[in-house]
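Peer 1: coordinates for the following, if possible.
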Amino acid sequence: MPNSDNYEAAASGASTEVASFADDEGKGLVGRLHHTLHVNPALVPLIVLLAAILVFGLVLGSRFFSPFAMTLILQQVQIVGVLAAAQALIILTAGIDLSVGALAVLCSVIMGQFTFRYGIPPAIAVACGLAIGTAVGAVNGWLVSRIKLPPFIVTLGMWQIVLAANYLYSQNETIRSQDIEEQAAFLQFLGTKFEIGGAIFTLGVVLMIVLIFGLAYALRSTAWGRHVYAVGDDPEAAELAGVDRHRTLMSVYMLVGFICGLAGWVMIGRFGSVSPSATTGVIGNIQSITAVVIGGISLFGGRGSIMGAFFGALIVGVFELGLRMGGANPQWTYLLIGTLIIAAVTVDQWIRKVTA
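Peer 2: Below is the predicted model of the structure:
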């Protein structure tokens, strides 16, 4: 039997060596950088956003830094920003939702058709659109959590179903902006503009910002938020720790459906009309995923910040406006965004490898 004194000395020496190694790694530049990025996942997109604003500001001068240009960026990304918030919640649970854009369009069509086809008061029609969005989210959540189907397959199928339902129900009919203004102005409520210090905002922008900060608080400071991260990081370990995986996933998918309904309402305010063929139904999914990935949220789940998704959406808006104001070919926007996507995933993989 080994001497207890020798055993204790060896254990003491081993623990000292481990502590020394951890300290040495923590003191290194790479170790400190990794730790900072791991603790603050929104830091990289924030730096990229500030750098992009600075570069375009230096190139374009006061035109880019004008209150009009700055608020125009917010107005342009308000729909994508809301959809990115929804997509971020799904990706944090290690899933992906390919139906958010189509669902937003369907909810806007529901709001418009309920008002003009059935004579339902606009406020109630909006509530119906939000309820239908929540119900579709519940179906997605049930299929993922109970039937154990992959989120990619579930939402890919739901994307096709929602697109078909959208065209069949609306009969491909567009409700004009003029008709909405005259008979149901409440549908355009989130398009209401107001001015602060020469900058023009809309209520849709306000909704997006309130939603982002509200979700950031919920994810950071509530038990529900910790459960979302736990399910995305390791669902088996989360269940062993007492987390109800089914309940958490259902709440996330239903909340995402509700947020898609809000995005549909924002769309009406932004465009003024209700169109079943709105491009958001097709490209909204890609735009939201792009904002989330550039925002530093891990596609493997369990790591990232909702603020990062917001910064990602703003980065896309800054590039689009800056290049347009500079007279550049619009294809440069796709080139830069594609490069950022690859770079963001590379950084995420590096952080995960160092962590491992």
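Peer 1: could you point out which element follows the strand or helix carrying L83?
Peer 2: Secondary-structure assignment from DSSP states H and E places L83 in helix 67-92. Per DSSP H and E, the first helix or strand lying C-terminal to helix 67-92 is helix 100-118.
Peer 1: tell me the mean pLDDT over that following helix?
Peer 2: Helix 100-118 shows a mean pLDDT of 96 in the predicted model.
Peer 1: got it, and stretch 258-274?
Peer 2: Mean per-residue pLDDT for stretch 258-274: 96.
Peer 1: renumber starting at 40 from here on
Peer 2: Taking 40 as the first residue, the last one we looked at is stretch 297-313.
Peer 1: may I have it as CSV, with CA atoms only?
Peer 2: Only the C-alpha atoms of stretch 297-313 are listed here, as CSV (Å, rounded to 0.1, in the frame of the first residue of the first chain):
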residue,chain,number,x,y,z
PHE,A,297,-45.1,35.1,-31.8
ILE,A,298,-42.0,37.2,-32.7
CYS,A,299,-42.6,36.2,-36.4
GLY,A,300,-46.1,37.6,-36.0
LEU,A,301,-44.5,40.9,-34.7
ALA,A,302,-42.2,40.9,-37.7
GLY,A,303,-45.3,40.6,-40.0
TRP,A,304,-46.8,43.6,-38.3
VAL,A,305,-43.5,45.5,-38.7
MET,A,306,-43.6,44.6,-42.4
ILE,A,307,-47.0,46.2,-42.9
GLY,A,308,-45.7,49.3,-41.2
ARG,A,309,-42.5,49.3,-43.2
PHE,A,310,-44.0,48.7,-46.7
GLY,A,311,-47.5,50.1,-46.1
SER,A,312,-49.1,47.2,-48.0
VAL,A,313,-49.9,43.5,-47.4
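Peer 1: which positions within the strand or helix carrying V295 qualify as buried?
Peer 2: With elements taken from DSSP H and E, the one containing V295 is helix 284-310. By 16 or more other CB atoms under 10 Å, the buried positions in helix 284-310 come out as 284, 287-310. In this view, the C-beta of every residue, glycine as well, is placed from N, C-alpha and C.
Peer 1: check stretch 99-108 too.
Peer 2: The neighbour-count criterion (16+ other CB under 10 Å) identifies L99, F103, A108 as the buried residues of stretch 99-108.
Peer 1: so which of these comes closest to L137?
Peer 2: Distances from L137 to these, taken as CB to CB, are shortest for A108 (32.6 Å).
Peer 1: what average pLDDT does the helix or strand containing R71 get?
Peer 2: Using DSSP H and E, R71 falls within helix 68-78. Mean pLDDT, computed over helix 68-78, is 71.
Peer 1: can you pull the phi and psi angles for the nearest residue to T287 once chain neighbours are set aside?
Peer 2: With sequence-adjacent residues excluded and distances taken as CB to CB, 6 or more residues apart in numbering, T287 is closest to H266, at 4.7 Å. Per-residue torsions, H266: phi -70, psi -40 (degrees, to the nearest 10).
Peer 1: do the same with T318
Peer 2: The phi/psi pair for T318 (degrees, to the nearest 10) is phi -60, psi -20.
Peer 1: circling back to that earlier point, the helix holding L122: how far from the chain's middle?
Peer 2: Taking CA atoms, centre = their mean, to the nearest Å, one finds helix 106-131 lying 8 Å from the centre of the chain it belongs to.
Peer 1: quick check: buried residues in that helix?
Peer 2: Neighbour-count burial for helix 106-131, counted by 16+ other CB under 10 Å, picks out 108, 110-131.
Peer 1: which residues touch the residue most central in space within the chain?
Peer 2: Per CA atoms, centre = their mean, the C-alpha nearest to the average position across the chain is that of A123, at 2.2 Å. Contact partners of A123, counting by CB atoms under 8 Å, 6 or more residues apart in numbering, are Q326, S327, A330, V331, G334, A348, F349, G351, A352.
Peer 1: before we move on, which element is the closest residue to it other than its chain neighbours in?
Peer 2: In space, and not counting its chain neighbours, A123 is closest to A330: 3.8 Å by CB to CB, 6+ apart. Using DSSP H and E, A330 sits in helix 319-333.
Peer 1: and the angle for that helix with helix 139-157?
Peer 2: Interaxial angle, helix 319-333 versus helix 139-157 (axes from the mean of the first three to the mean of the last three CA atoms, to 10 degrees): 150 degrees.
Peer 1: returning to that earlier point: next structured bit after the helix holding R71?
Peer 2: Following helix 68-78 in sequence order, the next helix or strand is helix 82-99 (DSSP H and E).
Peer 1: what are the contacting residues of that following helix?
Peer 2: The contact list for helix 82-99, computed with CB under 8 Å, 6+ apart, reads 75-76, 103-104, 333-335, 346-347, 350-351, 353-354, 357-358, 360-361, 364-365, 379, 383, 386.
Peer 1: go with 7 Å
Peer 2: Residues outside helix 82-99 that contact it (CB atoms under 7 Å, 6 or more residues apart in numbering): 75-76, 103-104, 333-335, 347, 350-351, 353-354, 357-358, 361, 364-365, 386.
Peer 1: using ChimeraX, define a selection of the buried residues within the residues you listed.
Peer 2: For anyone working in ChimeraX, the buried entries among the contacts of helix 82-99, judged by 16+ other CB under 10 Å, can be selected with:
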select :76,103,333,334,335,347,350,351,353,354,357,358,361
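Peer 1: quick revisit: from the contact counts, what lies against the helix holding A330?
Peer 2: Identification of packing neighbours for helix 319-333 by 3 or more CB pairs under 7 Å, 6 or more residues apart in numbering; DSSP states H and E yields helix 106-131, helix 139-157, helix 190-209, helix 345-364, helix 370-394.
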